[in-house]
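In: no sequence for this one, just the structure:
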């Protein structure tokens, strides 16, 4: 694909992802409002809003169509067609989100000269012509390629690094250098793996981490143990996503630090990937 083609396809995929998220949020809010209706069966009076009736589509049908459109658009990315397409626990929405986070950033540009906009004192200012973009309607964006040369940088962007032994938290008045939506997607991924059967390798890894924490940290609560094991499983998957994505892009792949960090003597190869990975160096 040419640069123009890539820009258009990325914007289209991002549009579909945002629409899917909007529909999902609307369904969640609708369910909450339905439950607040009076009477034991009050919510059933308008249940067709979700499920549809008499050949009329409900919100859940529209959500399913949006997901199918996302999966159709994902055919342009090898990490989907060669790996994630039949991946248990990772559907089209999560795959699309990961692909966008990993590969692209959306940069606001000036409508007049095409220069980059940066926020200064509460408004967006073009760095080339100096024009302010505040109250100037919807911003225009261009797509730039993103690159994470190491797994640790990818983890940090997704909010999975540690500060004083814990994942960082946002602080009032400070600009964070990690993605809040990225961290949220990580929680969704961890929950999806937790729902898998015990023969799923990521579920097995999560259960193994729970047993280790129960043994090594008897003072931890069940919630603490679960969250720690989930976080480590998400980090393992993200390291695998980093590895496979770079392999498919023809980029050098360094040995993941995940092995040493999580107490493994051997590197955990990407699950559901047939070819053994030869690493170039330590991460």
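Out: Yep, it's here. Note that this is a predicted model, so its numbers are computed, not measured.
In: Buried residues of the longest helix anywhere in the chain, list them for me.
Out: Assignment by DSSP state H gives helix 3-35 as the longest helix of the chain. Burial within helix 3-35, assessed by neighbour count using 16 or more other Cβ atoms under 10 Å, is assigned to 7, 9-10, 13-14, 16-17, 20, 23-24, 27, 30, 34. Where C-beta positions appear, they are placed from N, C-alpha and C, glycine not excepted.
In: residue contacts, the residue lying closest to residue 77 once chain neighbours are set aside?
Out: Once flanking residues are discounted, residue 77 sits nearest to residue 99: 5.3 Å by Cβ to Cβ, 6 or more residues apart in numbering. Applying Cβ atoms under 8 Å, 6 or more residues apart in numbering, we find residue 99 in contact with 13, 74, 77, 79-80.
In: Over to residue 79?
Out: By Cβ under 8 Å, 6+ apart, the neighbours of residue 79 are 95, 99, 241, 244-245, 248.
In: Just the ones in helices from the residues you listed, please.
Out: Per DSSP H, those map to helices at 95, 99, 241, 244-245, 248.
In: ok, and the most crowded of those residues?
Out: residue 241 (24 neighbours; other Cβ atoms under 10 Å).
In: Can you check what pLDDT the model gives the closest residue to residue 69 other than its chain neighbours?
Out: Excluding its sequence neighbours, the residue lying closest to residue 69 (Cβ to Cβ, 6+ apart) is residue 16, at 5.4 Å. Looking at residue 16, its pLDDT reads 96.
In: Residue 187 versus residue 16, what's the distance?
Out: 22 Å (Cβ to Cβ, to the nearest Å).
In: swap in residue 36?
Out: Taking Cβ to Cβ, one finds residue 36 at 27 Å from residue 187.
In: who has more neighbours, those two?
Out: residue 187 (14 against 8).
In: how distant is the host helix or strand of that one from the center of its chain?
Out: Assessed by DSSP states H and E, residue 187 sits inside helix 180-194. From the chain centre to the centre of helix 180-194 is a distance of 7 Å (Cα atoms, centre = their mean, to the nearest Å).
In: Stretch 118-129 now?
Out: Using Cα atoms, centre = their mean, the offset of stretch 118-129 from its chain centre is 28 Å.
In: And it, what's buried?
Out: In terms of neighbour count (16+ other Cβ under 10 Å), stretch 118-129 has its buried residues at 124-126.
In: So which of those residues sit within strands?
Out: 124-126 (DSSP state E).
In: Kind regards, and thank you for your time.
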